[in-house]
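A.B. asks: here's my sequence, what's the structure:
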Amino acid sequence: MSTKQKALKSAFPHTIPVLTGYLVLGTAFGILMNSKGYSSVWVVLVSLFIYAGSMQFVAVSLIAAGFHPFYTCLMTLMVNARHLFYGISMLSKFKGMKKKKPYLMFGLTDETFSILCSAQPPEGVDRGWFMLFITLLNHIYWITGSLIGSVVGGLITFNTKGIDFVLTALFVVIFIDQWKSAKNHIPVLIGVGSSMLCRLLFGADSFIIPSMLLILLLVTVLQKKIQGRNLI
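C.D. replies: As a prediction, this is how the structure comes out:
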């Protein structure tokens with residue numbers, strides 16, 4: 001068995017939970033894109049080159065409403081700002097990856113980040129190829145789910161109103177799970193409180209960016225208190 005085959009065989013079991021989730025979420029995204037009049041080609045291209053989960057759902061509305069470069073870039077930065085911290089924390093793991101490094105950085109989604117942080121390659125398995133196949137498999141799952149959704153959306157006519165809520169539903173489930181497992185609820189309360197306040201001040205169409213900025217500011221200011229509670 002070659003080095004790549006060993007790495008692929010070792011990586012696959014770690015990605016099975018992501019497989020189930022990405023097929024469902026990707027299908028919802030594909031159906032949503034199809035409902036806006038975009039063909040399977042566009043669905044695959046978006047999932048191939050954007051590959052940003054929540055931002056892809058946001059991008060559907062942005063594309064449909066007309067392209068505004070500055071607002072789109074700013075919205076993308078705010079929605080995916082957490083990836084800045086992901087990248088910093090992975091610098092040591094990606095050290096020495098050479099040609100693999102650009103794709104490892106590109107494919108660093110929330111779920112892939114979680115696996116790469118915890119999973120270790122078995123003895124005799126190349127670490128670089130192990131990490132690359134985890135990232136690649138997850139990407140393939142998302143593209144496959146998106147394509148399935150696009151095809152299903154084209155074959156079956158039904159009311160897609162509310163289907164873009166699937167990602168929100170996922171976040172609610174994650175939020176509840178994190179609330180139950182975390183001892184320190186300060187970051188969660190900051191996020192919820194800031195979002196509610198900005199929603200009231202700026203309205204439903206313009207509250208996301210201000211709320212993200214407010215969350216970042218409050219977390220920075222209260223960093224020592226948050227870290228202190230984590231030690232309790």
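A.B. asks: quick one: low-confidence parts of the chain?
C.D. replies: Across the chain, the stretches falling below the confidence threshold (pLDDT under 70) are 1, 64-67, 158-171, 173-174, 177-178, 181-182, 226-232.
A.B. asks: switch to 90 and redo it
C.D. replies: For the chain, the stretches with pLDDT under 90 are 1-5, 14-22, 24-29, 31-39, 46, 50-98, 108-127, 152-195, 198-199, 202-232.
A.B. asks: and it, what are its domain boundaries?
C.D. replies: In the domain annotation for the chain, the residue ranges read 3-163, 182-232 (automatic domain parsing).
A.B. asks: pick the most deeply packed of those domains.
C.D. replies: Among those, domain 3-163 has the highest mean neighbour count (mean count of other CB atoms under 10 Å), at a mean of 16. The way it works is simple: take the backbone N, C-alpha and C, and place the C-beta from them, glycine included.
A.B. asks: quick one: distance of that one to the chain centre.
C.D. replies: When distances are taken as CA atoms, centre = their mean, to the nearest Å, domain 3-163 is centred 7 Å away from the chain's centroid.
A.B. asks: and stretch 198-208, by the same measure?
C.D. replies: Relative to the chain's own centre, stretch 198-208 is displaced by 23 Å; criterion: CA atoms, centre = their mean.
A.B. asks: what sits up against it?
C.D. replies: Surrounding stretch 198-208, the residues in contact under the criterion CB atoms under 8 Å, 6 or more residues apart in numbering are Met75, Met78, Val79, Ser195, Pro210, Ser211, Leu214.
A.B. asks: what distance separates the start and the end of it?
C.D. replies: This stretch, stretch 198-208, spans 8 Å end to end (CA to CA, to the nearest Å).
A.B. asks: quick one, phi psi at the residue nearest to Thr135 when sequence neighbours are not counted?
C.D. replies: Leaving out its chain neighbours, the residue that sits closest to Thr135 by CB to CB, 6 or more residues apart in numbering is Gly107, at 3.9 Å. Summarising the backbone geometry of Gly107 under the convention degrees, to the nearest 10, its torsions are phi -90, psi 20.
A.B. asks: so Gly107 sits right up against His139, yeah?
C.D. replies: Yes: with the criterion set as CB atoms under 8 Å, Gly107 and His139 qualify as a contacting pair; they are 5.3 Å apart.
A.B. asks: what residues are shared contacts of those two?
C.D. replies: Common contacts of Gly107 and His139 (CB under 8 Å, 6+ apart): Tyr51.
A.B. asks: can you say which of the domains of the chain is nearest to Val172?
C.D. replies: Checking the domains of the chain against Val172 by CB to CB gives domain 182-232 as the closest, at 11.5 Å.
A.B. asks: distance between that closest one and the chain's centre?
C.D. replies: Averaging C-alpha coordinates over domain 182-232 and over its chain gives two centres that are 19 Å apart (CA atoms, centre = their mean).
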